[in-house]
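Asks: task: produce atomic coordinates for the following.
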Amino acid sequence: EWLGWTPECTTHSSDNFQALYDLAVQLIKKGLAYVCDMTKDDMVAQRNLAKRRSNARHMGKDPDVEAPLDPALLSGRKCHV
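Replies: Numbers count the residues shown, from 1 in each chain. The predicted structure is shown next:
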């Protein structure tokens, strides 16, 4: 039971891994998805930048002044097919 509700059955993503993998491959081949090859450090930097920009918006400050987009972070975006 979860929050007063009992599900009919419990499933796990791993039960459908091959089907999900096959769908992901199809999306990549169609150009509708990509494989991210960012390093952990790049991801942390992107996440921190997004947080700073979000905070700037909520505080009425200009996000482009408070947390300008770093071209080095943007240049790492690649689409792998």
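Asks: how about stretch 16-30 as CSV, C-alpha atoms only?
Replies: The C-alpha coordinates for stretch 16-30 follow below in CSV (Å, rounded to 0.1, in the frame of the first residue of the first chain):
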residue,chain,number,x,y,z
ASN,A,16,11.4,-4.0,-19.6
PHE,A,17,15.0,-3.1,-20.2
GLN,A,18,15.4,-4.6,-23.6
ALA,A,19,12.2,-3.0,-24.9
LEU,A,20,13.2,0.4,-23.5
TYR,A,21,16.7,0.1,-24.9
ASP,A,22,15.3,-0.8,-28.4
LEU,A,23,13.0,2.2,-28.2
ALA,A,24,15.9,4.5,-27.3
VAL,A,25,17.9,3.2,-30.2
GLN,A,26,15.0,3.9,-32.6
LEU,A,27,14.7,7.5,-31.2
ILE,A,28,18.5,8.0,-31.6
LYS,A,29,18.4,6.7,-35.2
LYS,A,30,15.5,9.1,-36.0
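Asks: am I right that residue 23 falls within a helix?
Replies: Yes. Assessed with DSSP: H, G, I helix; E, B strand; the rest coil, residue 23 lies in a helix.
Asks: okay, residue 63: pLDDT?
Replies: Residue 63 carries a pLDDT value of 73.
Asks: swap that for residue 78, please
Replies: On pLDDT, residue 78 comes in at 53.
Asks: same question for residue 31.
Replies: On the pLDDT scale, residue 31 gets 93.
Asks: try residue 28
Replies: Reported pLDDT for residue 28: 93.
Asks: again with the one 10 residues further on
Replies: Model confidence at residue 38, expressed as pLDDT, equals 88.
Asks: what's the answer for residue 35, then?
Replies: On the pLDDT scale, residue 35 is placed at 90.
Asks: name the SS class of it, please.
Replies: Taking three-state DSSP as the rule, one finds residue 35 in the coil state.
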